[in-house]
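# Predicted model and sequence below, questions to follow.
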Amino acid sequence: MAPSALDPPTPTPAFPPATYRILVPEHLSPEGLALLRANPTFAVDTPPGPLSEAELCALIPAYHALIVRSETRVTAAVLAAGAAKLRVVARAGVGVDNIDVAAATRGGIVVVNSPSGNLVAAAEHTVALLLATARHVGAADAGVKAGRWERARLVGVEVGRKTLGVVGFGKVGMKVARMAKGLGMRVVVVDPYASKEVAARAGVELRAALADVLAEVDFLTVHTPLLASTLGLLGEKELRRMKKTARVLNVARGGVYDEAALLKALDEGWIAGAGLDVFTSEPPVEGSVAARLAAHPKVVSTPHLGASTVEAQENVSMDVCAQVVEILKGGLPTAAVNAPIILPEEYRRLQPFVRLIERMGSLYTQHFASARGGMVGGRRFELVYHGELAGMSNTRPLFAALVKGLVSSISDLGGRDVNIVNATLIAKERGIAIDEKHVRDGGAVPTYASAVTLRSLSSGGDEAASQAGEQVIEGYVSGNDVFISKLDRFTANFQPQGTLLVLHNYDEPGKIGNVGMLLGRHGVNINSMHVASALYGGATPAAAAIVDGPIAANGRAAREALMILGVAGEVTEDVLRELEAAEGILDVSLVRL
Ligand SMILES: NC(=O)c1ccc[n+]([C@@H]2O[C@H](COP(=O)([O-])OP(=O)(O)OC[C@H]3O[C@@H](n4cnc5c(N)ncnc54)[C@H](O)[C@@H]3O)[C@@H](O)[C@H]2O)c1
Ligand SMILES: O=C(O)[C@H](O)COP(=O)(O)O
């Protein structure tokens, strides 16, 4: 059986078992690296970076984790090159715009970041640029160092009692607003997702639209992520509406201001100055608009230093390295960008059910679908959680486990693993629809504290037709072991593991002996045997089956049963054909779990 949806990666033969390689091609604070290196099974490589796409593509196939800052572009090509082993891309910082998160999601690769490790640093840097642009700190410093003493040319403005516009009232924006209040500024805020109450508590004025603040602010600072909706958010139209004395700041991302429009605004005097930490190309490509902005006399420029404090670097490094350790050891991230957050306690409780449901899915595919020429893709499934399990609100790992079980044994996933990151996408690609139902009291399977029913429904049609085409597997967990309690209309009690031969047969004397002899002739050993009946469960032939089936060869109404044999040895196609041809055997499926 393949590892579960949440298991750590399978070690590759090139390295000792459980050795994971981590690539860190950018400068990362040593505190985080120490966390990684404290683990003797982790090998950490820190080549001098940043690496180009081609260099990364060449290196990445050997790595299980990649840790970057803003200088490395983690493209779809890099992620594809790393598909076989790469489990996690960690961003030691906030912005993930240098990572193709959609491609990572398709590949089942978790992307994690440090959502708040550098927020104080970013906010303080914004305030540093606010004051530096107000008081020409950069030009003054350069002048003194060049032997000039220019006092009249470098008269500045005060920020106290002025109005600061904050676009993006998230973690950094909110911190900047508080600090600005501390400097005696009036703060007006624009953020379509901000709450009025939070704004009121912070003592700032929340405005509905950007257009509402442009004409009144003395300083404007942006703190949004770079998204399609924020690219060029401040363009020519917006900059033209600002005061000629206004100054703008960007410690968020290059591109939120339209750089060409900003350059024009500074050249033509629509605004007075800018403080820029970020650019559309970093370092700005020679001769580009970004480079002209960075070198502009009215601009105070810093080389993306917003997060560059000792404290912030220590925070983000520890944050993401701790998550990489957790993920590689099979645990959970605390700040995944493309996966739901699951609490450790929930995760622990779900673990045996992840195993059970993945096996139920795999059993479904191999017993019902492949063995009978059926399909999994395009089908509709119902996953019903009974008892205590029904009370679990976060069942995402169970959903992922079912998708994995259904598709892994038959599909070529191009080296992708199915997990909580990409399960929805893969189900969609295959046309598999899964409804999850929570049945808290009683329900169809009241015997166990927690149980699961997997039902495959024929798509379309009315309710009756749907029920006729329905195939059912039920299972439960006892201690650490998982059991199947129903397979189709047969009540069972077996552990879904190893290689199983599932024989549907007329329940008549001699069947078991005949099958045993046939398998023996082919060198196939029987390790375990369970007989499943249509009325009640049992692990012995005596407990077998009573159900009216078709008319048997001898003309009597036949009773049917399922024989589930755990086998060792090669079960070839010939063996399967012989079994199918044996008297009283209705059909046979070979299931590898
Ligand atoms: N220069 C640096 O070194 C540095 C350091 C840290 C963070 N950053 C960047 O700062 C930015 C903000 O980081 P954060 O942690 O505060 O993010 P955040 O997610 O906490 O906040 C972003 C805010 O922007 C708002 N927003 C989104 N679209 C908007 C729009 N069209 N108009 C107005 N508001 C909008 C969101 O509602 C959210 O409140 C990010 O781009 C991040 O990468 C840069
Ligand atoms: O988004 C971020 O966290 C900042 O832009 C920091 O980037 P850096 O890690 O390259 O300093």
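Perfect, thanks for sending it. Since the model is a prediction, treat every value here as computed from it, not as a measurement. Ligands and ions are numbered 1, 2, ... in the order given.
# For residue 519, give me the pLDDT.
Note on residue 519: pLDDT of 94.
# Make sure it is indeed in a strand.
No: counting by DSSP: H, G, I helix; E, B strand; the rest coil, residue 519 is not found in a strand; it is helix.
# Can you name the residue of the chain nearest to ligand 2?
The chain approaches ligand 2 most closely through residue 93 (2.5 Å), counting by Cβ to the nearest ligand atom. All C-beta atoms are positioned from the backbone trio N, CA, C, and that covers glycine.
# Residue 322: which element?
For residue 322, the host element (DSSP states H and E) is helix 310-328.
# do the same with residue 363
With DSSP H and E as criterion, residue 363 is part of helix 344-363.
# How about stretch 559-574, which residues are buried there?
Residues of stretch 559-574 classed as buried: 559, 560, 561, 562, 563, 564, 565, 566, 567, 571 (neighbour count, 16 or more other Cβ atoms under 10 Å).
# Just the ones of the residues you listed in strands?
559, 560, 561, 562, 563, 564, 565, 566, 567 (DSSP state E).
# and the fourth one, what does it touch?
Listed by Cβ atoms under 8 Å, 6 or more residues apart in numbering, the contact set of residue 562 reads 487, 488, 490, 492, 502, 503, 504, 505, 531, 532, 545.
# could I get the helix holding residue 363 in CSV with only the CA atoms?
Taking Å, rounded to 0.1, in the frame of the first residue of the first chain, the C-alpha atoms of helix 344-363 are listed here in CSV:
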residue,chain,number,x,y,z
PRO,A,344,-2.6,18.7,15.8
GLU,A,345,-5.3,17.1,18.0
GLU,A,346,-7.7,16.8,15.1
TYR,A,347,-4.9,15.4,12.9
ARG,A,348,-4.1,12.8,15.5
ARG,A,349,-7.7,11.7,15.8
LEU,A,350,-8.1,11.5,12.1
GLN,A,351,-5.0,9.4,11.4
PRO,A,352,-6.5,5.9,11.6
PHE,A,353,-9.5,7.0,9.5
VAL,A,354,-7.2,8.5,6.8
ARG,A,355,-5.7,5.0,6.6
LEU,A,356,-9.1,3.3,6.6
ILE,A,357,-10.7,5.6,3.9
GLU,A,358,-7.7,5.5,1.6
ARG,A,359,-7.9,1.7,1.7
MET,A,360,-11.7,1.8,1.2
GLY,A,361,-11.1,3.9,-1.9
SER,A,362,-8.4,1.6,-3.2
LEU,A,363,-10.6,-1.5,-2.5
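# Just checking: what are the partner strands of the helix or strand just after it?
Following helix 344-363 in sequence order, the next helix or strand is strand 380-387 (DSSP H and E). Strand 380-387 pairs in its sheet with strand 433-439 (parallel), strand 450-457 (antiparallel), by DSSP bridges.
# what helix or strand does the nearest residue to residue 185 once chain neighbours are set aside sit in?
Computed as Cβ to Cβ, 6 or more residues apart in numbering, the closest residue to residue 185 that is not its neighbour in sequence is residue 164, at 4.7 Å. Using DSSP H and E, residue 164 sits within strand 163-167.
# Could you do residue 290 as well?
Judged by DSSP H and E, residue 290 forms part of helix 289-294.
# list the helices and strands the following helix or strand past that helix packs on?
Going down the chain from helix 289-294, the next helix or strand is strand 299-301, by DSSP H and E. For strand 299-301, the packing partners by 3 or more Cβ pairs under 8 Å, 6 or more residues apart in numbering; DSSP states H and E come out as helix 119-135, helix 137-145, strand 273-276, helix 289-294.
# Of all these, which one is nearest ligand 1?
That would be helix 119-135 among the helices and strands packed on strand 299-301, by Cβ to the nearest ligand atom, at 3.5 Å.
# near ligand 1 at all, that closest one?
Yes: Helix 119-135 is in contact with ligand 1 by Cβ under 6 Å from any ligand atom, via 119, 122.
# Just want the angle from that helix to helix 137-145.
60 degrees (axes from the mean of the first three to the mean of the last three Cα atoms, to 10 degrees).
# helices or strands next to helix 119-135 in the packing?
Using 3+ Cβ pairs under 8 Å, 6+ apart as the test, helix 119-135 ends up in contact with helix 171-182, strand 219-222, strand 247-250, strand 273-276, strand 299-301, helix 310-328.
# And the helices in the stretch 1-150 of the chain, which stretches?
30-37, 53-59, 76-81, 101-106, 119-135, 137-145 (DSSP state H, counting those that start in this stretch).
# quick one: the nearest residue to residue 294 once chain neighbours are set aside from ligand 1, how far?
Spatial nearest neighbour of residue 294, chain neighbours left out: residue 301 (4.4 Å); criterion: Cβ to Cβ, 6+ apart. Residue 301 is 12 Å from ligand 1, where distance means Cβ to the nearest ligand atom, to the nearest Å.
# was I right about residue 301 contacting residue 138?
Yes: with contact defined as Cβ atoms under 8 Å, residue 301 reaches residue 138; the gap is 7.5 Å.
# For ligand 1, what's its nearest residue on the stretch 451-593 of the chain.
residue 452 (37.0 Å).
# List the beta-bridge partners for that residue.
residue 385, residue 475.
# Report pLDDT for it.
95.
# Now do the contacts for it.
Contacts of residue 452 by Cβ under 8 Å, 6+ apart are 353, 356-357, 360, 383-386, 389, 398, 474-476.
# circling back: spatially, which two of the ones in strands among the buried residues of stretch 559-574 are the most separated?
559 and 567 (24.3 Å; Cβ to Cβ).
# Count the neighbours of residue 576 for me.
Close neighbours of residue 576, defined as other Cβ atoms under 10 Å, add up to 15.
# ok, for it, nearest residue in space, not its chain neighbours?
residue 588 is the one closest to residue 576 (Cβ to Cβ, 6+ apart), at 5.7 Å.
# The one you found looks like it's in a strand, true?
Yes: with three-state DSSP as the criterion, residue 588 is part of a strand.
# That one - how many residues pack around it?
Residue 588 has 22 nearby residues by other Cβ under 10 Å.
# likewise residue 315?
24.
# Write out the residues of the stretch 101-250 of the chain neighbouring ligand 2.
residue 118.
# Give the full set of residues in contact with the residue of the chain found nearest ligand 1.
Closest contact between the chain and ligand 1, by Cβ to the nearest ligand atom, is at residue 170 (1.7 Å). Residue 170 makes contact with 191, 223, 224 under the criterion Cβ under 8 Å, 6+ apart.
# Ok, residue 579 next?
501, 503, 515, 518, 585, 588.
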